[in-house]
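Visitor: sequence plus the predicted model coming up.
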Amino acid sequence: MIKFVGLLVLCFSSLSIAQPKNQFNQFFNGFDSLSANFEQSVYDDNNNLIASNQGEIQFKRPQQLIWHTQTPNDQILLLNNNELWLIDNELEQASLQHIVELKQTPLYWLLNRPNQLVKTPQYTYSENQIDWYTTDQVNQLRFGFQKDALKGLSLTNELGQIIHIDFSEAIINPSLSADIFTLDLGPNFDVIR
């Protein structure tokens, strides 16, 4: 009987080891804030590069995010709770965006913990040592993980363009002041609400 119980425990433990871990859940449950550099590339439906930019991202749960594109244009996407602003520093213009449905954007997946999501992305394939997890959305949003860290995002937009975002120099749980997520514009800015 003892041998049988030992064999049963061994079988169940080997089954749990054989199941792949969910890197998406582990990563997004593991922090409250994050900062990273990014490089974004946009390809047409023939896989030709049509645009690229670089910048940095900072976000803090529950709903605070700065997506700062520094090159080729200085623009910021600023989310502070329920206000989403698009800020063009070169044109000195800020416009309040309508948040129709965050669930249809990558922001929804970045800002929420997996246990708050209705359905989490599932592992679909590995390529170039990156494990990809895909949502069941129409835009085929994919999250790429390398060594348990978020390496990139990929999605197809409504124009059929493929957008790849590669992350680097990520810092988990940096100390981010709430002040950086406050809209702070110069006196010459045009504000469109």
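Guide: Structure received.
Visitor: only C-alpha atoms for contact and neighbour calcs from this point on.
Guide: Noted.
Visitor: what sits against the residue nearest the centre of the chain?
Guide: Geometric centre of the chain, nearest residue: L110, 4.2 Å, by CA atoms, centre = their mean. Counting by CA atoms under 8 Å, 6 or more residues apart in numbering, L110 touches F28.
Visitor: do the same with K119
Guide: Taking CA under 8 Å, 6+ apart as the test, K119 contacts no residue whatsoever.
Visitor: pairing partners for the helix or strand I76 falls within, with directions?
Guide: I76 is part of strand 75-80, with elements assigned from DSSP states H and E. The pairing partners recorded for strand 75-80 under DSSP bridges are strand 64-71 (antiparallel), strand 83-88 (antiparallel).
Visitor: which among the ones you listed is found nearest to T156?
Guide: strand 64-71 (19.0 Å; CA to CA).
Visitor: keeping just the C-alphas, turn that closest one into CSV.
Guide: Presented in CSV, the C-alpha positions along strand 64-71 are these (Å, rounded to 0.1, in the frame of the first residue of the first chain):
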residue,chain,number,x,y,z
GLN,A,64,-1.8,54.7,-14.9
LEU,A,65,0.3,54.6,-18.0
ILE,A,66,2.8,56.7,-20.0
TRP,A,67,3.7,55.6,-23.5
HIS,A,68,6.3,58.1,-24.6
THR,A,69,7.4,57.9,-28.2
GLN,A,70,10.6,59.9,-28.5
THR,A,71,11.7,59.3,-32.1
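Visitor: tell me the mean pLDDT for that strand?
Guide: In this model, strand 64-71 has a mean pLDDT of 93.
Visitor: give me the pLDDT for the closest residue to I162 other than its chain neighbours.
Guide: Closest residue to I162 apart from its sequence neighbours, by CA to CA, 6 or more residues apart in numbering: T156 at 4.5 Å. T156 carries a pLDDT score of 88 in this model.
Visitor: contact partners for T156?
Guide: By CA under 8 Å, 6+ apart, the neighbours of T156 are 139-141, 162-163.
Visitor: ok, now how distant is L107 from Q140?
Guide: 14 Å (CA to CA, to the nearest Å).
Visitor: surely V42 forms part of a strand?
Guide: Yes - assessed by DSSP: H, G, I helix; E, B strand; the rest coil, V42 belongs to a strand.
Visitor: doesn't G160 make contact with it?
Guide: No - in this structure, V42 is not within contact of G160 by CA atoms under 8 Å, at 10.4 Å.
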